[in-house]
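[1] My questions concern the predicted model and sequence given below.
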Amino acid sequence: MSTRKFSIFRYNPNTPEVKPFMQEYTIEEPPGMTIFVALNKIREELDPTLMFDFVCRAAICGSCAMVINGKPRLACKTLTGDLKGTVTLMPLPVFKLIGDLSVDTGTWFRHLSVKTKSWIHSSKEFDPNAIEDRMDNETALEIYEAERCIECGCCIAGCVTANIREDFLGAAGINRVARFMVDPRDERSKKEYFEVIGSDEGAFGCMGLMACDDNCPMQLPLQMQLSFVRRKMVSFGLSAK
């Protein structure tokens with residue numbers, strides 16, 4: 001059986017006197033091994049102090065996102081056999097570091113939800129006994145496409161603007177707003193959406209490098225969502241003059 005070498009970022013913010021460093025590990029590499037399996041093998045057999053996140057191991061929760069050989073990916077979806085040489089693992093940038101490969105994406109996405117007001121805005125009084133609102137299949141599929149985002153943070157980590165500006169909502173935020181724009185149950189006006197996303201913190205802050213599309217493990221059409229939102233915001237801006 002062949003072996004594989006890993007170079008992994010190590011740093012614990014709770015012990016700031018120990019500076020960040022890269023630590024090397026070598027383990028056996030069975031066929032079909034993922035980065036997720038490799039990390040568990042390292043922690044179980046070599047170093048129980050290694051910190052990283054995982055929940056589902058099925059590319060659903062987004063918890064195991066990290067920078068693998070310079071590219072944001074999901075550890076559970078990345079095969080070591082698809083990588084060459086020493087595998088370098090780093091934590092996602094932009095998000096607060098918890099330790100080693102573990103970052104706090106939850107706080108960031110919670111802030112995103114509040115800032116984009118990610119809920120149905122309706123003047124209707126809720127009636128638990130009412131028949132559910134119906135919509136055509138095409139609209140439902142558009143909403144579902146945006147809802148496939150697993151909030152892993154790969155698009156944010158690979159975004160130049162998000163790495164420069166803390167207030168940038170990124171592709172995840174723009175995708176979130178697009179989801180509500182196509183929802184017929186949401187009663188917000190174009191002006192209300194413009195106040196949320198119609199600035200360089202939102203739809204007009206993107207540099208167009210398409211790193212979000214390249215890095216999304218769910219292959220969401222994030223640039224298409226950006227184009228959709230921008231057209232809506234430009235349309236409102238011109239009509240408001």
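    Nice, I can see it.
[2] The residue lying closest to residue 239 once chain neighbours are set aside: neighbour count?
    Nearest-residue entry for residue 239: residue 190, 7.9 Å, with adjacent residues in sequence omitted and distances by Cβ to Cβ, 6 or more residues apart in numbering. Any C-beta I mention is one placed from the backbone N, CA and C, and that applies to glycine too. Residue 190 has 16 neighbours, counted by other Cβ atoms under 10 Å.
[3] Tell me if I'm right that residue 190 and residue 237 touch.
    No: at 9.3 Å, residue 190 does not count as touching residue 237 under the criterion of Cβ atoms under 8 Å.
[4] tell me the centre residue of the protein?
    Residue closest to the average C-alpha location in the chain (Cα atoms, centre = their mean): residue 153, at 2.2 Å.
[5] separation between the closest residue to it other than its chain neighbours and residue 81?
    Distance criterion Cβ to Cβ, 6+ apart; nearest residue to residue 153, sequence neighbours excluded, is residue 105 at 4.5 Å. Separation of residue 105 from residue 81 (Cβ to Cβ, to the nearest Å): 27 Å.
[6] what's the answer for residue 180, then?
    41 Å.
[7] Could you check which of those two has the larger neighbour count?
    Neighbour totals were compared for residue 180 and residue 81, and residue 180 leads with 20 against 14 (other Cβ under 10 Å).
[8] OK, contacts around the residue lying closest to the more buried one once chain neighbours are set aside?
    Ranked by Cβ to Cβ, 6+ apart and with sequence neighbours excluded, the top spatial neighbour of residue 180 is residue 186, at 4.8 Å. Residue 186 makes contact with 120, 121, 122, 180 under the criterion Cβ atoms under 8 Å, 6 or more residues apart in numbering.
[9] So for the second one, what's the pLDDT?
    At residue 121 the predicted local distance difference test score is 94.
[10] check which helix or strand covers it.
    Using DSSP states H and E, residue 121 maps to neither a helix nor a strand.
[11] what sits against it?
    Contacts of residue 121 (Cβ under 8 Å, 6+ apart): 180, 186, 187, 188, 192.
[12] Look at the closest residue to it other than its chain neighbours and report its pLDDT.
    Residue nearest to residue 121 in three dimensions, not counting chain neighbours: residue 188, with 4.9 Å by Cβ to Cβ, 6+ apart. With respect to pLDDT, residue 188 scores 94.
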